[in-house]
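> Please work out how this folds:
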Amino acid sequence: MTTVLAPMEGTAVGLAAVPDPVFSAGMVGPGTAIDPLRGPGKAVAPIAGKIMKLHPHAYVIVGDDGKGVLVHLGIDTVQLKGAGFQLLAAEGDRVSAGQPVVAWDPSAIEAGGRSPVCPVVALDALSEELTGVAEGAVHVGDELFRWG
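You can find the predicted model right below:
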């Protein structure tokens, strides 16, 4: 059983609330989304493991059990080409759950006309494998969902 933690403070709104059909339809995988608290902050590792992919706007951490979790910071933020994001770790790093990975400011994303909503997705999972999916207010490190 893998416990996936909230990578940022905000409101768990579910994938259906993500303004991107690839995420909202669950094509990337099951999970949930967080509407983040506005203002500068840090997105942290939702599980312990190795950073397999790290872009300024998104990262994938794979645990020792082989389960990968994607955190996507906002929607259409790849178009920013890294502007407004500061990497706090490197691809290939081993991280503990709760360790900061990217610093960013959701209010700046929103001011630029993009949604700051953050999908948190269990990669290569089936929706029935996820339980205890959080709803409403979450703080960094709160349990977001269980996978297994």
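> And the residue nearest the centre of the chain?
When CA atoms, centre = their mean is applied to the chain, the residue found nearest the centroid is Val71 (2.4 Å).
> Report the strands that pair with the one helix or strand that residue maps to, each with its relative direction.
Counting by DSSP states H and E, the element that carries Val71 is strand 68-72. Strands that pair with strand 68-72, judged by DSSP bridges, come out as strand 58-62 (antiparallel), strand 118-122 (antiparallel).
> Is the residue nearest to the centre of the chain bridged to anything, and to what?
Assigned bridge partners for Val71, using DSSP bridges, are Tyr59, Val120.
> Give me the local confidence score for it.
Note for Val71: predicted pLDDT of 98.
> Average pLDDT for stretch 126-144, rounded please.
In this model, stretch 126-144 has an average pLDDT of 97.
> what does it rub up against?
For stretch 126-144, contacts defined as CB atoms under 8 Å, 6 or more residues apart in numbering pick out 3-12, 14, 26, 30-32, 34, 44, 46, 97-98, 120, 122, 145-148. Bear in mind the C-beta positions are built from the backbone N, C-alpha and C, glycine included.
> That stretch: end-to-end distance?
16 Å (CA to CA, to the nearest Å).
> tell me which residues in that stretch are buried?
Glu129, Leu130, Val133, Ala134, Val138, Val140, Leu144 (16 or more other CB atoms under 10 Å).
> now these in CSV, with distance to Trp104 and secondary structure?
Formatted as CSV, those follow (distance: CB to CB, whole Å; DSSP: H, G, I helix; E, B strand; the rest coil):
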residue, distance to Trp104, secondary structure
Glu129, 29, helix
Leu130, 26, strand
Val133, 24, coil
Ala134, 21, coil
Val138, 17, strand
Val140, 13, coil
Leu144, 18, strand
